[in-house]
Structures are given as structure tokens and as C-alpha cells.
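J.: Just a sequence and a predicted model for now, questions to come.
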Amino acid sequence: MRRLRTIYWANTRTARAAGEWERIQRTKRGIPFLIYELSSAEQRRPEHEGRVGTILEVDDSWWLVHYPPNGWLCQCRVRQITRFEAESLGYVPDTPAPEVTTRPWKNKATGETVQVPRGIDPGWQTHPGLTRAGNVRRHLAQRLDNLPDTARTVAARDMVRSAPFRAVQENIFKHQRRMVTDPNRRLTAPVAMLDGDRVDLIRAKTRTVSLSVGDAAKQLERHPSVTREQYEMVQDFIQSGAMYEDAASEFEFVFQRMVDGVPWAAVIHVTKDRQELFLKSFHRIRAKQFGETDRFVLMDAARDVEN
């Protein structure tokens with residue numbers, strides 16, 4: 001759990017960095033420079049301290065590698081500044097960016113050896129505004145996918161009970177679904193794990209089902225009575241509930257179960273590249289919506305699964 005929470009920290013931190021980058025791009029005409037500032041961590045990495053005070057234009061390619069965070073639990077930051085402040089801090093036009101030196105790093109999982117910039121943890125050498133938030137989210141899913149069956153289910157339940165999941169589910173970040181520039185819109189939290197048979201039916205490349213902050217905000221609007229504790233049932237739904245395919249979309253799947261005599265449904269969305277699974281909706285449904293309909297075609301009947 002400590003490792004999974006660290007990965008979730010990375011997801012949250014990089015999502016925020018991506019949002020910051022979007023804001024920087026919108027305002028760079030009037031505030032065209034970035035300065036690398038001192039980390040607030042008690043123990044600072046010497047390579048990161050060596051970058052403090054670096055001032056470069058927003059679109060300098062150096063930031064494509066060194067925009068923080070630059071490693072696990074890195075607390076480095078940048079600040080956007082005007083030309084006047086940059087020059088008052090010693091910036092000289094046409095000053096070259098610091099030299100980027102690399103070191104070889106071998107990925108034990110794939111056997112591939114790649115060059116990684118010195119002072120940057122492997123996997124963190126890409127820009128958060130471009131690829132990093134998605135990469136970290138997939139990294140977390142991969143970690144969960146590779147756990148043994150029992151550990152995978154236990155980990156998913158523990159994550160639902162965790163503070164990070166509660167933060168997403170309760171939308172403490174005040175995410176606004178219709179605001180595409182919201183820096184928190186990439187935040188997600190794992191909610192359940194699919195078994196192998198149902199992964200194959202969906203043709204997904206991951207077992208991990210996540211709840212995004214956008215879908216959580218929609219849930220709070222449309223189904224405010226659904227509690228965080230009830231989200232713990234999602235694992236049972238996708239593990240043993242009846243599974244239906246949405247005839248209107250090859251990317252939507254519905255899992256149904258009766259809970260205390262009341263029909264419920266969990267709607268799962270698989271992305272077009274089949275790399276990610278998201279819980280789009282989880283709520284009570286009407287009796288006439290329960291079971292197979294013209295729209296929802298049965299793929300896999302309800303089954304008894306030992307807990």
C-alpha cells in the first residue's frame with residue numbers, strides 16, 4: 001500500500017503539473033519566462049539543487065525534460081515570471097540552457113536499456129503537460145494488474161477506503177466538469193479489478209477500473225445519495241454481477257446486481273485504445289432497466305464468486 005500510495009501521489013502531482021502547464025501556455029505572451037525554484041523538501045537532491053535559479057523562456061526545449069516533478073516525491077517547482085523580473089534576476093538573452101547529460105538505465109521488466117538524464121528518476125524524463133500524467137496513471141494500473149488475484153482484489157478495496165479515493169469521489173478539488181482547463185481534470189483513483197475472463201470479453205489491456213474526478217463530479221450531481229462506502233460494492237458487481245454490452249457503443253459495459261432487493265448498475269467504459277477502464281456511473285436503477293433489454297445484451301451471466 002505504501003508503494004501504491006506513492007504512485008497515487010505521482011498521479012496527483014503530475015496532474016496538477018499538467019494543469020499548471022496549460023495555464024502557462026495561455027499566459028506566456030505576457031509572462032514568457034520560467035524560473036526553477038528551490039524544493040520545499042527537508043532532504044534535497046544535489047542535482048535538483050543545481051538547477052535552482054535557471055531562467056529560460058517558456059518554450060525552451062529544456063523544460064520538456066526538466067519541468068518538475070523530476071522523480072518520486074520530488075517537490076521542485078517552477079514559477080512563471082515577466083521579462084522584467086527575469087532580467088532583474090540576471091537573465092541574459094540567448095544564454096544557453098544548462099547542458100543535459102544522461103546515464104544508461106536498464107528496465108528490468110523489458111530488458112531494454114535507455115538513456116535517462118542525470119538527476120531524473122527513470123520514467124520522469126517526459127513533460128507532465130504532454131504525457132506524464134497519463135503515463136503515471138497507467139503505471140499504477142500496471143502495478144495492480146501484476147499483483148496475484150487475491151492481493152489485487154484486496155488492494156482495490158483498500159484503495160477505495162483510502163484518503164486519495166475519498167478526495168476524488170467527494171470532489172474536494174472542486175473540479176468543474178465543463179471547464180477543460182481545470183488542472184485537476186486528470187485525477188483518478190482505482191476502484192475495482194476485473195478478472196481475466198471479463199477482461200477478455202471487453203478486450204481490455206488492463207484489469208484496473210478507475211474513477212476519474214470528472215465522473216465523480218457527475219455522480220455527485222446525478223446520484224448524490226451514493227456513499228463512499230457503497231463504492232466498495234463495485235468490486236462485487238464487476239466480479240460476480242451479470243455483465244451486459246451496450247448495443248449503442250462498443251466501449252460501454254454494464255454490470256448489474258440486486259442489493260437488498262433493489263437493482264443497481266455499474267457502467268464501465270473502455271478507452272478506444274483498450275488501455276484504460278473507467279467507472280462512468282454507479283447507482284440504483286428502475287426495475288424495468290434491470291436485466292437484458294433491446295439496448296443491453298447479456299455477455300456473461302451473474303455468478304457466485306468466493307470472497
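T.: Sure, I can see it.

J.: Tell me which stretches of this structure form helices.
T.: 2-27, 46-49, 63-66, 83-88, 133-145, 149-160, 163-169, 196-202, 213-222, 234-240 (DSSP state H).

J.: Give me the residues contacting the second one.
T.: Spelled out, it's helix 46-49. With Cβ atoms under 8 Å, 6 or more residues apart in numbering as the test, helix 46-49 has contacts from 38-39, 70, 74, 76, 118-120. Bear in mind the C-beta positions are built from the backbone N, C-alpha and C, glycine included.

J.: Tell me which of the helices of the chain lies nearest to Met299.
T.: helix 196-202 (5.5 Å; Cβ to Cβ).

J.: For Trp62, give me its contacts.
T.: Contacts of Trp62 (Cβ under 8 Å, 6+ apart): 54, 56, 97-98, 100.

J.: Ok, His66 next?
T.: 36, 51, 54, 100, 117, 120.

J.: ok, now which ones touch the last one?
T.: Meaning Ile120. Taking Cβ under 8 Å, 6+ apart, one finds 47, 65-66, 70-71 in contact with Ile120.

J.: Touching, Arg79 and Phe33? I think so.
T.: No. Assessed by Cβ atoms under 8 Å, Arg79 is found out of contact with Phe33, at 9.3 Å.

J.: out of the two, which sits in the more crowded spot?
T.: For Arg79 versus Phe33, neighbours defined as other Cβ atoms under 10 Å are more numerous around Phe33 (22 against 12).

J.: Gly90 versus the more buried one, what's the distance?
T.: 12 Å (Cβ to Cβ, to the nearest Å).

J.: got it, and Val78?
T.: 17 Å.

J.: Which one of those two is surrounded by more residues?
T.: Val78 (23 against 9).

J.: Just the pLDDT for the more buried one.
T.: On the pLDDT scale, Val78 is placed at 92.

J.: can you check Asn135 too?
T.: Asn135 is given a pLDDT of 58.
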